[in-house]
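# need a structure here:
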Amino acid sequence: MYKTIFNKREVLRFKQFTNKGYALFSCLGREVVISTLSVATLTNAKADGISTHPEYADNDQPQREVLLDDVEVAGSRAPLALGQAARMVTVLSREDIQAAPVQSVNDLLKYAAGVDVRQRGPIGAQTDIGIRGGTQEQVAVLLNGINICDPQTGHNTFDFPVDICEIERIEVIEGPAGRTFGTSSMMGAINIVTRNSGKSADSEASGASREACLHLEGGSFGYLSTGGYGNITSGNWSNQLSASYTRSDGYSRNKAGGLNMDYSGGKVFYQGGFRDNTITANWHAGLSTKEFGSNTFYSKNFDNQYEKTTKWFTALQGETKGSWLHFRPAIYWNRSEDRFELFRNEPDKYPFNYHRSDVFGVNLNSWFDWNLGCTAFGAEFRNEDVISGNLGEPLNHTKHINGTERDYEYGLNRTNLSFYLEHNILLNNFTLSAGFIAFKNTWNESDFKLYPGIDASYRFNENWKLYASWNTSLRMPSVTELYYSVGDRKADKYLKPEELSAIETGIKYRSRIVQCSLSGFYHHCKNMIDWVMNISEADPVWKSMNYTRVNTLGLETAVYVDFKERIANQNVLKNLNISYCYMNREKDEQEKYVKTLSTLEHLRHKLVASVQLQLLKRMDLGISYRFQDRAGSYTDKQDNVQDYAPYSIVDARLSWNDTRYEAYVEANNILNNKDYVDYGNVPQPSVWFISGLKLKI
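From the prediction side, this is the model:
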C-alpha cells in the first residue's frame, strides 16, 4: 500500500474528516499505527527524513485521507511515514476529546482499554494512571514531548497547565519504551499535544490568522468551570495564550459535616513558535495550581486530609532543516510544590508535609537517512533535585519554606544521563526498527547499562498487517519510595531500579467499513518496587522493597464499525467501537503472610464500548460503557479485608453543534452506581450532570 522513496525529502501532510466513513479517529480509543514516538519526535512530529507517498488501492477514493488534521507524523527516534511504522500507538484526536463526556484528561483515558485510571477524586483532583498493569510511577508522561514526571511522587503527575479544550491529541504508547523515553517509561508513555496556531491551514494560506474560544459549564456538586484560549499568527511567528478556572464542592463530607472532597484550581499556559525554511522553534510556559480535599486518599483512618499542588512548566525546542543531518534539541525546567495536610488547617495537630521538586533537562535528537535506511543518535541529561520537610538526606544548608516559619531540611539530588543509537530498515512491505539506550543514574552509582529493543512489521496488503516487538526498560525509585518513613510506613533508601522486558505480537485489519486488531503481550519485571507488609510480624508495617519478580500475560482486542459506510441509506448510526483487555499477573515465590499495597491490584478485565448517534443534523448523542474487574483487595474502615468488586459505568453526552458555538449536556454514571471504588475506602460519585456552552470567535 505504501511505496518507499528513500531519496526524496518532503513534508507529509494528512487530513481528517470525522464524518467520513474512512476517518481513522472518528471513534474514541481507536488504535492506529503511528510508530514508537520519541521525546524528540513528539516534540514536533514531522517526516522530513524518509518520506513516502501513499498509494491507495481504492481508485474510487483517490483523495482518501487517513490522519489527523494537519499533523505531520514521525516515528521512532527518526521520523518514519505512516504505514511503515512497526509499533502500535493509541491516538485520541481533538474530535474524540470534544465528543467524550469528560472534564479532564484523566477521565478521557478511562476509555482506553489498556489504561488503568484509578481515580480518587473527579475533574482531575488526584488520579493514578497506569498502563498494562503498571502503576502511576511506571509511566512516562509528556507535555508536547517534554517529560514532566515528578521524581518526588507519581500521584500528581497529571497536573497539566492546559485546559482540555486546548488539547490537540493524546498519544498512548503501550508497553516498555526504554530506548525511546529512558527512565519512567517502563510500562509505556502518554504524550499530551496542545494546539499549535502556527501550523493552521489558514495561517499558511494567508500568512496571518486569529482565533479564540471561550467555554462555561456547571453542574452537580457545585461544579463550575470557565476558561478559553486565543491565538494569533503573523508571518513566521505564532503566539497562543489560555487560562481556566474550575471549582467543585465535592460529593462527600467528613464525620464532622465539613467538605472533604472540594476542589478549586486554575491553569495558565502560553506557547509560541517560529518557522522558516531553515529552522523551527517552539516554546511554552505554564502554571497549574489546585487545592482539594483529600478525604481518605492516603489513610483510611483520617477523613479530613487536604492537599495543595503548584507546578511551573517551561521548555524550548527546535529543529534544523535543509541539511542531510537533522538536529532536534530541547531544554526544559519544571518545578513542583506540594503541601499535604493530614488534618485540614490544623498544623499544630500534625505538621504539614512540604515538598519541592526542580527538574532540569537537555536532550538532543539527531538523524540522517542513507541507502540502507535511517540512523538516529543522541543524548539526554536530566537533573532531579528534591527538597522536603521530611524526605531525603539531611541538607548541608536548609532552605526556607515560603509562607511558613519552617525550612526544607532534607533532600535528594540525582542525575540521569543517557545515550542512544537506533537504525531503521524500510522495505516495500517490511519495517525493522532496532536500537538501544545506555543509561546511568548518579544516585545508585552504577555503571552505564544497555536497554535494547526491536520492532518489526509486515504488511500483507492494504488491509492486513502483522507486527511483533521485544523491548526493555527501567524505572528509578521515587523519592517517596526511598525515604517516606512516617506512621506505619518504613522506606528503604537502597532500593534498586525496576527493570522490564516484554514481547508483543499482533495483527490488524483495516478497511473503510471495519477495523479490528488482536494482540498478545508478555511482561517480565524484576526488582518490582511495592509497599509490602508481613502480617506474621508482631507489629507489621508497610515497607518499600524490591519484591521478587512479576510476570504479566495479556490480551487486547478492538473492533470498530462505521455504519455510514456499511448502511448507506441511514443517518442515525455513525459508528460503534468495542475494545477489551485481559491481564493475569503473578509473583514468583509469593509468601503466604505477605500483603502488597498496589502492585497486583491490576485490572483483570476491562471492556469499553461506545456508540455515536446523529439524532438530527446538528444534534449528536454519544453513549459510553465501561466494565472493570480488578484483582486484589483492601482493608476497609472496620479493618475487614474486602475484594475489589467489578462494576459497570454508563456515561452519555448530548450536543448541539454549530460553526460558532456548541451547547451540550453530559451525564456521568447514569446507572447511579454508588458502591464502586478504584481505591479502597475512597467512594466515587453517584450520578451527576453537567451542561455547558462553547463559543468560537
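# okay, CA-based contacts and neighbour counts for the rest of this
Fine.
# I'd like the distance from residue 654 to residue 668, if you could.
Using CA to CA, to the nearest Å, one gets 12 Å for the distance from residue 654 to residue 668.
# go on, residue 638?
Relative to residue 668, residue 638 is positioned 30 Å away (CA to CA).
# who has more neighbours, these two?
residue 668 (20 against 8; other CA atoms under 10 Å).
# how close does that one get to residue 297?
Taking CA to CA as the measure, residue 668 falls 22 Å from residue 297.
# Same question for residue 579.
Separation of residue 579 from residue 297 (CA to CA) stands at 30 Å.
# ok, the two, which is more surrounded?
Each of residue 579 and residue 297 has its neighbours counted (other CA under 10 Å); residue 579 has more, 25 against 21.
# now the more buried one, nearest residue through space, not along the chain?
residue 558 (4.1 Å; CA to CA, 6 or more residues apart in numbering).
# which residues of the chain fall in helices?
39-43, 94-99, 105-108, 178-181, 201-206, 479-483, 563-566 (DSSP state H).
# now the chain, which segments are flagged as low pLDDT?
Along the chain, segments meeting pLDDT under 70 span 1-76, 78-86, 197-207, 568, 588-593, 596-599.
# for the residue nearest in space to the middle of it, what are its contacts?
Central residue of the chain (CA atoms, centre = their mean): residue 190, 2.8 Å from the mean position. Applying CA atoms under 8 Å, 6 or more residues apart in numbering, we find residue 190 in contact with 139-142, 170-173.
# do the same with residue 280
So residue 280 contacts 273-274, 318-321 (CA under 8 Å, 6+ apart).
# go again using 6 Å as the cut-off
274, 318-319 (CA atoms under 6 Å, 6 or more residues apart in numbering).
# Which residue, other than its chain neighbours, is closest to residue 285?
Spatially, and ignoring its direct neighbours in sequence, residue 285 is nearest to residue 314 (4.4 Å; CA to CA, 6+ apart).
# Hmm, I typed the wrong one, I wanted residue 342.
In space, residue 342 is closest to residue 305, 4.7 Å off (CA to CA, 6+ apart).
# what about that neighbour, how many residues close to it?
22.
# so how far is residue 347 from it?
Residue 305 is 12 Å from residue 347, where distance means CA to CA.
# Is there a neighbour count for the residue nearest to residue 266 when sequence neighbours are not counted? I'd like the number.
By the measure of CA to CA, 6+ apart, the closest residue to residue 266 outside its immediate chain neighbours is residue 245, 4.3 Å from it. Residues near residue 245, counting by other CA under 10 Å, number 18.
# swap in residue 426?
Neighbours of residue 426 under the rule other CA under 10 Å: 21.
# which residues in the stretch 101-250 of the chain form strands?
Using DSSP state E, counting those that start in this stretch, the strands assigned to the stretch 101-250 of the chain run over residues 115-121, 126-131, 139-143, 146-147, 167-174, 188-194, 208-219, 223-234, 237-248.
# Which one, of the ones you listed, ends up nearest to residue 372?
Minimum separation from residue 372 across the strands of the stretch 101-250 of the chain (CA to CA) falls at strand 167-174, 27.0 Å.
# I'd like to know which elements the closest one is packed against.
strand 88-93, strand 188-194 (3 or more CA pairs under 6 Å, 6 or more residues apart in numbering; DSSP states H and E).
# Of all the ones you listed, which one comes closest to residue 586?
Nearest of the helices and strands packed on strand 167-174 (CA to CA): strand 188-194, 19.9 Å.
# partner strands of that closest one, parallel or antiparallel?
Here strand 188-194 has these sheet partners by DSSP bridges: strand 139-143 (parallel), strand 167-174 (antiparallel).
# who's in contact with the longest one?
This means strand 167-174. 89-94, 188-195.
# got the end-to-end distance for stretch 340-358?
Note: stretch 340-358 ends 18 Å apart using CA to CA.
# Would you mark the buried spots in it?
For stretch 340-358, the neighbour count (16 or more other CA atoms under 10 Å) marks 340-344, 352-358 as buried.
# will you turn the residues you listed into a markdown table that also has distance to residue 570?
Putting the buried residues of stretch 340-358 into a markdown table (distance: CA to CA, whole Å) gives the following:
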| residue | distance to residue 570 |
| --- | --- |
| 340 | 55 |
| 341 | 57 |
| 342 | 57 |
| 343 | 59 |
| 344 | 57 |
| 352 | 61 |
| 353 | 60 |
| 354 | 59 |
| 355 | 58 |
| 356 | 57 |
| 357 | 56 |
| 358 | 56 |
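# Out of the residues you listed, which is nearest to residue 643?
residue 342 (26.6 Å).
# Can you verify my assumption that the closest one contacts residue 304?
No - between residue 342 and residue 304 there is no contact under CA atoms under 6 Å: 7.1 Å.
# Would you map the strands across the stretch 351-500 of the chain?
According to DSSP E, counting those that start in this stretch, the stretch 351-500 of the chain carries its strands in the segments 353-370, 373-388, 393-400, 407-426, 430-441, 449-459, 464-475, 489-490, 498-510.
# now these in TSV, with distance to residue 532?
Shown next, in TSV, are these (distance: least, CA to CA, whole Å):
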stretch	distance to residue 532
strand 353-370	23
strand 373-388	24
strand 393-400	23
strand 407-426	24
strand 430-441	25
strand 449-459	28
strand 464-475	18
strand 489-490	9
strand 498-510	16
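# Of those strands, which is nearest residue 537?
For residue 537, the closest of the strands of the stretch 351-500 of the chain is strand 489-490, at 14.2 Å, according to CA to CA.
# Just list what the closest one packs against, helices and strands only.
Counting contacts by 3+ CA pairs under 6 Å, 6+ apart, strand 489-490 is packed against strand 542-546.
# Next, the angle strand 498-510 makes with the strand it packs on.
Angle, strand 542-546 to strand 498-510, by axes from the mean of the first three to the mean of the last three CA atoms, to 10 degrees: 70 degrees.
# Can you list the strands that strand 542-546 pairs with?
Strand 542-546 has these strand partners (DSSP bridges): strand 489-490 (parallel), strand 529-534 (antiparallel).
# and the longest one with strand 464-475, angle?
Read it as strand 529-534. For strand 529-534 against strand 464-475, the angle by the same axes, to 10 degrees is 70 degrees.
# List the buried residues in strand 529-534.
Result for strand 529-534 [16+ other CA under 10 Å]: buried residues 529-534.
# Reformat these into CSV and put distance to residue 102 next to each item.
Shown next, in CSV, are the buried residues of strand 529-534 (distance: CA to CA, whole Å):
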residue, distance to residue 102
529, 32
530, 31
531, 32
532, 35
533, 37
534, 40
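# Out of the residues you listed, the closest to residue 365 would be?
Lowest distance from residue 365 to the buried residues of strand 529-534 (CA to CA) belongs to residue 529, with 31.1 Å.
# Spatially, which residue comes closest to the closest one, not counting chain neighbours?
Closest residue to residue 529 apart from its sequence neighbours, by CA to CA, 6+ apart: residue 546 at 4.5 Å.
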